[in-house]
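[1] turn this into a model:
(one chain, ligands or ions: 1)
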Amino acid sequence: MTIQEDLNATVRELVQPGKGILAADESHPTIAKRFKAVGVESSEEKRRQYRSLLLETQGLGEYVSGVILFEETLGQKSDDGKPLPSVAAREGIVPGIKVDKGKGPMVNAPGDEITEGLDGLAERLEHYKELGARFAKWRNVYHITDTNPSRAAIEANAEVLARYAAICQSCGIVPIVEPEVLIDGSHTIERCADVSEAVISEVFRALQRHRVELETMILKPSMVTPGKATGHKASPEEVAEHTLRVFRRVVPAAVPGINFLSGGQTPEEATLNLNAMNSGNSLPWVLSFSYGRALQEPAQKAWAGISSNRTSAQNALLKRAKLNSLATLGHYSADMEG
Ligand code: 5MM
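    As a prediction, this is how the structure comes out:
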């Protein structure tokens, strides 16, 4: 297959109505934090057991089209010796890989951060491809305060995301472009909308400048919500209204799929908000999920590092995947939580 055929085929498999993406690409410090919350110490073997459990969930492929893995997982095997990317592929789930090298403070931009990892990216992608990855993910974050994100941070982060996406496509890897406007802070939903509009419009300016093919990329943004420190939760209808207003303004219809991150919302909130966006709105893109915490939290609690809890953990994952699948069609309601 040519590079273009690879890109077309991968995006077609990832963006399917009724399906979303499982983000299981926590870096070592993040997974250690998640494990600690359920009383598990993070080790290579525990991470292998846990991520095997996720990928071996029977029927997950009915609701999940792709999984984002961490580099370590790409090289790990299931108990019966199968490489984990092929375990996902067997279930009809496209394996992908997080390729950024993490974020850090941006020089001369107090309070802003920038993501690293462009050096040697093309070579790394060729290696990941050999291990089975067909798409990639890169996350940049934006803090909201009265003065952040600065114009410099908005422009520099957009440039980095676009260069990453262009390199991925040149290697036949579909890029997931993740600009996350963080939920932390005491800002209003209106301020979040303004920042999101500025951030995402700049991302698309950069993507176009770098000639990224919009038809073979996926956007993974945060929803527009009030800051967490306000203690105020907007209703799903408010979140949907503000989020769609921003996205209609700045995301070209050529983009096939928008897969939201959950960003610290509870699993139920993330499902309700996605459902509200998909209820009765005519949209140019498939609006779906690429949740980490909102898909995995109940499964992690049910597992708690104990192998005999494997099936209940898989059931918990399958339940969230199914409910979010319904939300992508606008068919979810809270009473389905049981
Ligand atoms: C799963 O976590 C991903 C990796 O985070 P770190 O590099 O900080 O370890 C993260 O990018 C994730 O894919 C997104 O934030 C979506 O996850 P949530 O939990 O926000 O839905």
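
[2] from here on, just use CA atoms for contacts and neighbour counts.
    Noted.

[3] ok, the closest residue in space to Gly172 that isn't next to it in sequence - contacts?
    Ranked by Cα to Cα, 6 or more residues apart in numbering and with sequence neighbours excluded, the top spatial neighbour of Gly172 is Ile3, at 4.6 Å. Applying Cα atoms under 8 Å, 6 or more residues apart in numbering to Ile3 gives the contacts 169-172.

[4] could you do Val224 as well?
    Val224 neighbours (Cα under 8 Å, 6+ apart): 189, 192-193, 196, 239-240, 242-243.

[5] any low-confidence regions in the chain?
    Within the chain, no range satisfies pLDDT under 70.

[6] where does the nearest residue to Ile218 once chain neighbours are set aside land in three-state SS?
    What sits nearest to Ile218 in space, not counting adjacent residues and going by Cα to Cα, 6+ apart, is Ile176, at 4.7 Å. Assigned by DSSP: H, G, I helix; E, B strand; the rest coil, the conformation of Ile176 is strand.

[7] can you pull out the strands in the stretch 101-250 of the chain?
    Counting by DSSP state E, counting those that start in this stretch, the stretch 101-250 of the chain has strands at residues 103-105, 113-115, 135-142, 174-181, 218-219.

[8] circling back: what sits against the residue nearest to Ile218?
    Here Ile176 is in contact with 135-138, 165, 217-220 (criterion: Cα under 8 Å, 6+ apart).

[9] picking that back up, TSV for the strands of the stretch 101-250 of the chain, including distance to the ligand?
    Converted to TSV, the strands of the stretch 101-250 of the chain look like this (distance: least, Cα to the nearest ligand atom, whole Å):
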stretch	distance to the ligand
strand 103-105	8
strand 113-115	10
strand 135-142	6
strand 174-181	7
strand 218-219	12
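
[10] tell me which of those strands sits most buried.
    Most buried of those, by mean neighbour count (mean count of other Cα atoms under 10 Å): strand 174-181, with a mean of 26.

[11] what lines up beside that one in the sheet?
    Strand 174-181 sits in its sheet next to strand 135-142 (parallel), strand 218-219 (parallel), going by DSSP bridges.

[12] out of the ones you listed, the one nearest Lys233 is which?
    Nearest to Lys233 among the strands paired with strand 174-181 is strand 135-142; the distance by Cα to Cα comes to 20.2 Å.

[13] not counting sequence-adjacent ones, nearest residue to Ala321?
    Ala321's closest residue in space is Tyr63 (Cα to Cα, 6+ apart), at 5.8 Å.

[14] pretty sure Ile258 is in a strand, no?
    Yes. Assessed with three-state DSSP, Ile258 lies in a strand.

[15] from what I see, it and Ser222 are in contact.
    No. Using Cα atoms under 8 Å, Ile258 is not in contact with Ser222; the gap is 10.1 Å.

[16] comparing these two, which shows the higher neighbour count?
    Neighbours were counted for Ile258 and for Ser222 using other Cα atoms under 10 Å; Ile258 has more, 23 against 20.

[17] which strand residues bridge that one?
    In this entry, Ile258 is beta-bridged to Leu219, Leu287, by DSSP bridges.

[18] near the ligand, which residues of the stretch 51-200 of the chain show up?
    Residues of the stretch 51-200 of the chain lying close to the ligand (Cα under 6 Å from any ligand atom) are 102, 139.

[19] what about the helices in the stretch 51-200 of the chain?
    With DSSP state H, counting those that start in this stretch, the ranges of helices along the stretch 51-200 of the chain come out as 71-74, 84-90, 121-130, 151-170, 189-209.

[20] in the longest one, what's buried?
    So that's helix 189-209. When burial is assessed from 16 or more other Cα atoms under 10 Å, helix 189-209 yields the following buried residues: 189, 191-193, 195-207.

[21] just the second one next, same as before
    By neighbour count, and taking 16+ other Cα under 10 Å as the criterion, the buried residues in helix 84-90 are 84-89.

[22] try the third one
    When neighbours are counted by 16+ other Cα under 10 Å, the buried residues of helix 121-130 are found to be 122, 125, 128-129.

[23] which helices and strands does it pack with?
    helix 151-170 (3 or more Cα pairs under 8 Å, 6 or more residues apart in numbering; DSSP states H and E).

[24] how about a cut-off of 10 Å?
    The contact analysis (3 or more Cα pairs under 10 Å, 6 or more residues apart in numbering; DSSP states H and E) places helix 121-130 against strand 94-98, strand 135-142, helix 151-170.

[25] now render these as a markdown table, adding distance to Thr115.
    Listed next are these as a markdown table, based on distance: least, Cα to Cα, whole Å:
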| stretch | distance to Thr115 |
| --- | --- |
| strand 94-98 | 12 |
| strand 135-142 | 6 |
| helix 151-170 | 7 |
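
[26] picking that back up, possible to save the strands paired with strand 174-181 as a markdown table with distance to Leu7?
    Formatted as a markdown table, the strands paired with strand 174-181 follow (distance: least, Cα to Cα, whole Å):
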| stretch | distance to Leu7 |
| --- | --- |
| strand 135-142 | 9 |
| strand 218-219 | 11 |
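
[27] quick check: which of those strands is nearest to Arg211?
    The nearest among the strands paired with strand 174-181, by Cα to Cα, is strand 218-219 at 14.8 Å.

[28] ends of stretch 72-90, how far apart?
    20 Å (Cα to Cα, to the nearest Å).
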